[in-house]
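Visitor: What would the 3D arrangement of this be:
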Amino acid sequence: MYLIPIPAFDDNYLWLLHDGKRALVVDPGDAGPVLRALSEHALQLESILVTHHHADHTGGVDALREATGAKVYGPATERIPQPYTHLNGGDTAHALGLDFQVIDVPGHTAGHIAYYTPHMNGKPLLFCGDTLFSGGCGRLFEGTPAQMLASLDKLAALPANTVVCCTHEYTLSNLRFAMAVEPGNADLVAYQAQCIRLREQNQPTLPTSMAQELLVNPFLRTRQATIMTAARHFDASARDDTTVFAAIRQWKNQFK
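Guide: Numbers count the residues shown, from 1 in each chain. Now for the predicted structure:
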């Protein structure tokens, strides 16, 4: 299997997974880059996986379905271009010979889902949409801090070697914030330097791994003493798991 991040818009990645003949794409907000990649690699698109309803993740679905006949999968409770197979947490999506477990991850949107398969080239693979970013997490447009924390806890419990496919190149800006929260984190300092080098070479910082994110991502580390202390400096009322997470998320919202 081959995994390709297709750049789109200013900072989106449309993930293309293929076996040399057949392909699936995740969150195709724009059909054009996907069609060009399919042509370049002589691939037949079989499946489209959608994590949530935002236009930069669904805008190319109709055109790709019409052009290729691909089957579309998406969250049951969100506004996804019809027709599509409605999925809830606990369901399984069969695509490209793989079984993708569907995980409910509300927070960014109310019905957001993620797709996880335990075996892709010998490693687990996660398509997490806008729930988890490298060094960050999605904004809470429709959900609550408690929902997003619970969703991130589900993802953090996946195997450490899980390949994590986030859908935006937000890594450097996220890491600048993470450094403000936890400046003494040596793993974070090293990872930021690595990501700066990649971007200087016009290379993606993604995919990441769950092990890496557990070391550097403040939104997966809100129960660490360093993060809890930083959260309370920002908001003295941050006392339990949810309010600490909420404080860090609000701090990120206004971080410059």
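
Visitor: In stretch 35-49, which residues are buried?
Guide: 35, 37-38, 43, 45-49 (16 or more other Cβ atoms under 10 Å). Any C-beta I mention is one placed from the backbone N, CA and C, and that applies to glycine too.

Visitor: and if you look at stretch 128-144?
Guide: 128-138, 140, 142-143.

Visitor: would you put the C-alpha positions of the helix or strand hosting D62 in CSV?
Guide: Applying DSSP states H and E as the criterion places D62 in helix 61-68. Output of helix 61-68 as CSV, limited to C-alpha atoms (Å, rounded to 0.1, in the frame of the first residue of the first chain):
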residue,chain,number,x,y,z
VAL,A,61,-17.2,14.3,-3.4
ASP,A,62,-19.9,14.7,-6.0
ALA,A,63,-17.5,15.3,-8.9
LEU,A,64,-15.3,12.3,-7.8
ARG,A,65,-18.3,10.0,-7.5
GLU,A,66,-19.6,11.1,-10.9
ALA,A,67,-16.2,10.7,-12.6
THR,A,68,-15.2,7.4,-11.0
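
Visitor: now the angle from the next helix or strand after it to helix 61-68?
Guide: Per DSSP H and E, the first helix or strand lying C-terminal to helix 61-68 is strand 71-75. In terms of direction (axes from the mean of the first three to the mean of the last three Cα atoms, to 10 degrees), strand 71-75 departs from helix 61-68 by 160 degrees.

Visitor: Next SSE downstream of strand 71-75?
Guide: Trace forward from strand 71-75 with DSSP H and E and the next one is strand 85-87.
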